[in-house]
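Asks: With the sequence up front, the predicted model follows.
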Amino acid sequence: MKCILLGGSNSVLMNSIRLGLSEVFLVKNFALGATSCMQNLTEIVKNKNIIEDSDVIFTESNVNDIMTYVGLSISKERMKFIIDEYYRVLFNLNKPVYVIILPTHPDQEKKEDVEFINNIHVDNCIRFGFKFATFDSIMNVLNKDQVDLLLPHPRHFNEAFVYQMTYNFSKLVAEEIRPNFRKILNDRFFKQAGIRNHPYVNGDDYVFMPASEMIGDFTIESKENSAFSAKIINLTGTSRFNETYNNYKIVAINAWCDDYSSIIISDNISTIVKSFIRHYTTTEIKNPITISESLSVNKNIENIPTTEFSLLARYDKSKKVHDLKLEGFTLSLGDGTSNSFRMPLDENEIKDLDISSKVMPKWQPYAAASRSYSIYSGKGE
């Protein structure tokens, strides 16, 4: 069976989520580190044919959504809308979707910020009928020493534990969706409610516009790594959008720069300046910009201060601005309002969506192994 994986660095790590999934499924991994669910949404739009040919989707983005919400100072309303839209787009794929809600180190972000983001994810799982697993039952009983052992990185839980959890999750899912996942999906959630077909939940329409479709001064090159390949434009002068995209809103930018660089997007009304560093990334726009004939895109040659941060990329007035290399823009068309659709589930069906207890291994052996490693390697007392 074919599996799509959407997530952040926890899905990129070789021995973590993707390894657990690959024991059961043929995995196509679209995950990218240090990016929020906006990157996941972008990959769905960019790779619609591949995703439509899959059997099941696994997703995790809460850790990077927390980092994005806090690090970029995005408003609660905007952050909730982005996550809600991601789940709506997932739902409209009419595929079995399973969600992993990962922990972060308690010292990393404020508890209320973590709960705010995680609660949005849980609510969307319930809203759309997606089964999910959280680490709440584990994190609530760990002391500080145990947390430090099991979260050696502030946003990466013990890889061996996550591998085993995901493997358990995969086996459970494989039994559930075999042999006819579409029949199970429709029968369980829609037939009981008297709905014949999977409902399409209306909202904004999303498209990915390759930067090579812009009009202006740039050269085109190709870039690739072990996971991604892309056609990139190297912006050498002012560029504008094709009039076909007038009235669309820019909600995210895909860039793949070789070093520190910066972009200016401006029209007669507003200007935003965002910086990038040496990595492939999708970065969201805090306040989406409407495309018009007056909208222009330029490299920030003079390195004027940024107006919007990007994850991991901070403005540095002492830095040289290198080539601005853009893959494209995620655009939306719509009024940007939330949809109130919810699955018609009863209390027992909602309770059954949380399968944490069915997939979580015992955490104690992993903490003990980490402690032993720390002692014998000289990294602990």
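Replies: Arrived safely.
Asks: distance of residue 22 from residue 2?
Replies: The spacing between residue 22 and residue 2, counted by CB to CB, to the nearest Å, is 12 Å. Glycine gets a C-beta too; all of them are placed from N, C-alpha and C.
Asks: Ok, residue 33 next?
Replies: Distance, residue 33 to residue 2, by CB to CB: 23 Å.
Asks: Of those two, which one has the most company?
Replies: For residue 33 versus residue 2, neighbours defined as other CB atoms under 10 Å are more numerous around residue 33 (19 against 14).
Asks: for the more buried one, helix, strand, or coil?
Replies: Secondary structure state of residue 33, per DSSP: H, G, I helix; E, B strand; the rest coil, is coil.
Asks: Name all residues that make contact with residue 299.
Replies: Taking CB atoms under 8 Å, 6 or more residues apart in numbering, we find residue 299 in contact with 235, 236, 261, 262, 263, 264, 321, 323, 324.
Asks: quick one, phi psi at it?
Replies: When read as degrees, to the nearest 10, the backbone of residue 299 gives phi -70, psi 140.
Asks: now it: how far from residue 325?
Replies: On the measure of CB to CB, residue 299 and residue 325 end up 10 Å apart.
Asks: swap in residue 227?
Replies: 17 Å.
Asks: In the contacts of residue 299, which has the lowest confidence score?
Replies: In terms of pLDDT, residue 236 ranks lowest among the contacts of residue 299, with 91.
Asks: How about that residue, nearest residue that isn't a chain neighbour?
Replies: Take residue 236 and drop its neighbours on the chain: the residue closest to it by CB to CB, 6 or more residues apart in numbering is residue 217, 4.7 Å away.
Asks: Next, count neighbours for the residue lying closest to residue 142 once chain neighbours are set aside.
Replies: By the measure of CB to CB, 6+ apart, the closest residue to residue 142 outside its immediate chain neighbours is residue 150, 6.8 Å from it. Neighbour count of residue 150, defined by other CB under 10 Å: 21.
Asks: isn't residue 150 right up against residue 364?
Replies: No: look at residue 150 against residue 364 with CB atoms under 8 Å: they stay out of range, at 10.0 Å.
Asks: ok so, going back, just the buried ones from the contacts of residue 299?
Replies: For the contacts of residue 299, a burial check counting by 16 or more other CB atoms under 10 Å picks out 235, 261, 262, 263, 264, 321, 324.
Asks: Give me the neighbour count for residue 96.
Replies: Residues near residue 96, counting by other CB under 10 Å: 21.
Asks: ok, and for stretch 47-59, which residues are buried?
Replies: 47, 51, 54, 55, 56, 57, 58, 59.
Asks: so for that stretch, what's the average pLDDT?
Replies: Averaging pLDDT along stretch 47-59 yields 95.
Asks: Same question for stretch 82-98.
Replies: 96.
Asks: chain center to it: distance?
Replies: 12 Å (CA atoms, centre = their mean, to the nearest Å).
Asks: so of the buried residues of stretch 47-59, which ones are in helices?
Replies: Among those, DSSP state H puts residue 51 in helices.
Asks: for the buried residues of stretch 47-59, which one is nearest residue 248?
Replies: For the buried residues of stretch 47-59, the residue nearest residue 248 by CB to CB is residue 47; the value is 19.8 Å.
Asks: How about the secondary structure of residue 3?
Replies: Here residue 3 is recorded as strand under three-state DSSP.
Asks: Could you count how many residues lie near it?
Replies: So residue 3, with other CB under 10 Å, has 23 neighbours.
Asks: That one touches residue 26, doesn't it?
Replies: Yes: at 6.6 Å, residue 3 counts as touching residue 26 under the criterion of CB under 8 Å.
Asks: Give the residues shared as contacts by the two.
Replies: Residues touching both residue 3 and residue 26 by CB under 8 Å, 6+ apart: none at all.
Asks: quick one: residue 239 and residue 310, what's the gap?
Replies: 19 Å.
Asks: For those two, indicate the residue with more neighbours.
Replies: Ranked by neighbour count (other CB under 10 Å), residue 239 and residue 310 place residue 310 first, with 25 against 18.
Asks: before we move on, the earlier item: tell me which of residue 227 and residue 325 has more neighbours.
Replies: The residue with more neighbours, out of residue 227 and residue 325, is residue 325; 25 against 11, by other CB under 10 Å.
Asks: Now do the same contact list for the more buried one.
Replies: Each residue near residue 325 by CB under 8 Å, 6+ apart is listed here: 221, 223, 232, 233, 234, 235, 255, 256, 257, 258, 261.
Asks: Assign it to helix, strand or coil.
Replies: Three-state call for residue 325 (three-state DSSP): strand.
Asks: what is it paired to in the beta sheet?
Replies: Counting by DSSP bridges, residue 325 forms beta bridges with residue 234.
Asks: what's the neighbour count on residue 360?
Replies: Residue 360 sits with 18 neighbouring residues when counted by other CB under 10 Å.
Asks: got the contact list for it?
Replies: Here residue 360 is in contact with 133, 135, 137, 138, 165, 168 (CB under 8 Å, 6+ apart).
Asks: Please report how far the nearest residue to the third one once chain neighbours are set aside lies from residue 172.
Replies: Spatial nearest neighbour of residue 137, chain neighbours left out: residue 356 (6.3 Å); criterion: CB to CB, 6+ apart. Taken as CB to CB, the spacing of residue 356 relative to residue 172 amounts to 11 Å.
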